[in-house]
Every structure is written in C-alpha cells, then in structure tokens.
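>>> here are the coordinates; sequence isn't available:
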C-alpha cells in the first residue's frame, strides 16, 4: 500500500489505472448505515449502441469509428486504430440470448467440461439443478480400494445430499457446502478442447465433448466479418466466464491458440458490463466500452495482441439493462434462470485452437 493515492496511480500501468477507475468499490453511507457503491464516472465509456443509432439517423460516426455492412442482418463497427477488432451490437436475438443463458447454466458446467470447481471438488454433475433444489454437497472419505479406482486419484469424493434443511450437514469427510453457494462461486467452464490452466495450454488428452453443433454454427456465422474471403472458422474450444457483482476479468491476452488470424468470438449475456480494449502493452491507454446482453465482439489478427479485460458489471436495476430479458424469461420454468441472470453476466468465448 502507498501512503499517497497519487503515488499509487503513478506506479500503475495505464491499463491498471483504467481497471481501478471502473472497478466496483463501496463507501459508507452515513444515512443508511450500510455500504453503498461508490459513484463512477462513465462519461468516457464508448456506447456503440448510441453510435449506431446516430449513424442510422445521420450517417455520421466519431473519428476513427467505422460502420460496415456485411451479408448478415447486423452492421459491424470497426476501429481504425485497432485492426482486427469488430463489435456487433445486438447480434443475438432475445430468443438466442435466453437459449444460451439456459445452456450456460445447465449444460456447459457439466462433466467432462471442467470448471473452476474441479480442483477442489472434482467433477460436479447437475450443479444448477442441485442449487434450485436446495441440495448440499458433502464430502465422503473413501477407503484405499475406492480411492485407487478413481481417475483423479483423490482420497475424497463429494456427493449431493437432499437434506437441504440442515445447512451444517457434514459428510464422513467432515465438510459440506450448499449447491447454491457453489453456483455463485462458479467462475468458468471450458467446452470442447479443455484448457489446462496450470500449464496454460490445451491438453488434447483430457476427456472432452465437441462444442455443441448449434453453438458451432452460430459462431461460424458471427465470425464472418473477421474472416478472409473463402476461409473457414472451426470452433474447437470455448471458455465460458461467469460474473457476479464485483467480479472482474483482469487485463490479459488470449495467446495460446496456434493461428491468431482466426477470431475469438465473444458473446455477452445478462447484465451490462464494461470492456477494456488496450494495446500491445499494458502502458497503452485502453478504450472503455459498454457490453450489453446480445452484443458480440470479434478479435482477430492484430487485435489478438491487444490486452483486454472486464473491470465492471452492473447489477442494479437502473444500469443492468436486462428488462427485455426479464420479459422473455417470465414463465415459471424460467424463473430460476431469471433470478440468476438479474445479478450476473455470462460471457462465451469461442475459438479455433489449431
């Protein structure tokens, strides 16, 4: 920690300063006597939705921003100083958004897809359903014979119990956790070829399923503006990120794929967020932009060398901008998905590995 906040800022890179600027912080409200989100200045955040609306009325765009028409029904926005970056506002219909929210919570975290929970709990089946049913994940201590038969070599196994009324329920291993808590702690899942976070590479030997056909076809369609004429995009892996209030995705590069000319197709679902697009150095000043549910970002070529991240999502009713989703997730069977997405954002990043 620094004694002087100004000194602290000088020590940070331009990207880190931008992350700090937009990150959610809380301050004490003396009247309400509870922590309240600190105000954040959003005046410099680019709103491509408004830019496109202005372009449709006047044909004008800000300097360095270009709107191109493709064979698809949606116009694509490009930036003159970020070749390979494409922004497609509202590319996903409300029906598609609802479909992938459902899949993102029920199918995508299913084994053999790995999640951030694997390291502690091993594969977890039907997490979303267990959370809705109020189940508890309990730890069982295994005999040596059973341990040897497990593929992961763990000495303990975790299983769901339906005794939801007893939060303090313990398994023979001594530990337990509510499925609803695990669901809120879900941060990522991997589809298709599995990414090994410890080695920072794709491990083709890990058990995996192919990316669902419908998601593949959608990704191919969305990738067209970033693909050379006649070339083909082959979705082989995807990382699904789950954000709750206060969650961030720090500045990083997606640099483990073989061919950077192929785009990463990034689909946003749920609460509105801020996306930072930097340059090839963390010292380059990043551009902040809003990401809404249904927006799609493509990053290919030189844009693949740009640092990027998500410093903020908005979960309050005024800023989350999910009213249309709420109307489409209004049936009794959808209320569990709506309850989740009201305070969350799901991001599906699809890429070609080889």
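Everything's here; your move. Since we're looking at a predicted model, the values are computed, not measured.
>>> Low-confidence stretches in the stretch 1-150 of the chain?
1-11, 28-34, 142-150 (pLDDT under 70).
>>> Likewise for the stretch 151-300 of the chain?
Applying pLDDT under 70 to the stretch 151-300 of the chain flags the ranges 151-155, 163-174.
>>> For it, which segments count as strands?
Under the criterion DSSP state E, counting those that start in this stretch, the stretch 151-300 of the chain contains strands at 156-161, 176-178, 188-192, 194-196, 201-203, 237-244, 249-252, 264-270, 273-277, 287-291, 296-299.
>>> my guess is residue 274 meets residue 21, correct?
No - counting by CB atoms under 8 Å, residue 274 does not reach residue 21; the two are 9.6 Å apart. C-beta coordinates here come from the backbone N, C-alpha and C atoms, glycine included.
>>> could you redo the strands of the stretch 151-300 of the chain as CSV and give each row mean neighbour count and distance to residue 119?
Formatted as CSV, the strands of the stretch 151-300 of the chain follow (neighbours: other CB atoms under 10 Å; distance: least, CB to CB, whole Å):
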stretch, mean neighbour count, distance to residue 119
strand 156-161, 18, 12
strand 176-178, 17, 14
strand 188-192, 24, 12
strand 194-196, 18, 11
strand 201-203, 16, 14
strand 237-244, 21, 16
strand 249-252, 16, 19
strand 264-270, 26, 25
strand 273-277, 24, 26
strand 287-291, 21, 29
strand 296-299, 25, 28
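>>> got JSON lines for those, with distance to residue 94 too?
Shown next, in JSON lines, are the strands of the stretch 151-300 of the chain (distance: least, CB to CB, whole Å):
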{"stretch": "strand 156-161", "distance to residue 94": "33"}
{"stretch": "strand 176-178", "distance to residue 94": "31"}
{"stretch": "strand 188-192", "distance to residue 94": "23"}
{"stretch": "strand 194-196", "distance to residue 94": "30"}
{"stretch": "strand 201-203", "distance to residue 94": "33"}
{"stretch": "strand 237-244", "distance to residue 94": "20"}
{"stretch": "strand 249-252", "distance to residue 94": "25"}
{"stretch": "strand 264-270", "distance to residue 94": "11"}
{"stretch": "strand 273-277", "distance to residue 94": "18"}
{"stretch": "strand 287-291", "distance to residue 94": "16"}
{"stretch": "strand 296-299", "distance to residue 94": "14"}
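>>> Please name whichever of those strands is nearest to residue 113.
With respect to residue 113, and counting by CB to CB, the nearest of the strands of the stretch 151-300 of the chain is strand 188-192 at 5.2 Å.
>>> got a list of contacts for stretch 298-308?
Contact with stretch 298-308 is made by 15, 82-88, 222-223, 225-227, 251-255, 260-266, 275-282, 284, 286, as judged by CB atoms under 8 Å, 6 or more residues apart in numbering.
>>> Which segments of the chain make up each domain?
The record, using automatic domain parsing to delimit domains, assigns the chain the ranges 11-108+186-351, 123-181.
>>> can you tell me which residues contact the residue nearest to residue 313 when sequence neighbours are not counted?
Spatial nearest neighbour of residue 313, chain neighbours left out: residue 273 (4.1 Å); criterion: CB to CB, 6 or more residues apart in numbering. Shown in contact with residue 273 (CB under 8 Å, 6+ apart): 243, 290, 291, 310, 312, 313, 314, 345.
>>> mind checking how far residue 273 is from residue 133?
Noted for residue 273: a distance of 30 Å to residue 133, by CB to CB, to the nearest Å.
>>> Equivalent analysis for residue 119, please.
Separation of residue 119 from residue 133 (CB to CB): 25 Å.
>>> cool, residue 66 as well?
With CB to CB as the criterion, residue 66 and residue 133 are 50 Å apart.
>>> swap in residue 329?
Here residue 329 is placed at a distance of 19 Å from residue 133 (CB to CB).
>>> Number of residues surrounding residue 19?
Other residues near residue 19 come to 23 when the count uses other CB atoms under 10 Å.
>>> same thing with the one 5 residues further on?
For residue 24, the tally of surrounding residues (other CB under 10 Å) stands at 16.
>>> same deal with residue 122?
15.
>>> I'd assumed residue 157 was in contact with it.
Yes - contact criterion CB under 8 Å: residue 122 and residue 157 qualify, at 7.0 Å.
>>> For those two, list the residues in contact with both.
Common neighbours of residue 122 and residue 157, using CB under 8 Å, 6+ apart, do not exist here.
>>> just so I have it, where are all the helices in the protein?
Using DSSP state H, the helices of the chain run over residues 5-11, 14-22, 48-58, 94-106, 118-121, 127-132, 144-149, 179-184, 213-223, 317-320, 323-328, 335-341.
>>> buried stuff in the second one?
Yep, that's helix 14-22 we're talking about. For helix 14-22, the neighbour count (16 or more other CB atoms under 10 Å) marks 14, 15, 16, 18, 19, 21, 22 as buried.
>>> Repeat that for the longest one.
Burial within helix 94-106, assessed by neighbour count using 16+ other CB under 10 Å, is assigned to 97, 98, 99, 100, 101, 102, 103, 104, 105.
>>> mind listing what the last one touches?
If a contact means CB under 8 Å, 6+ apart, then residue 105 has 128, 183, 337, 340, 346 as its contacts.
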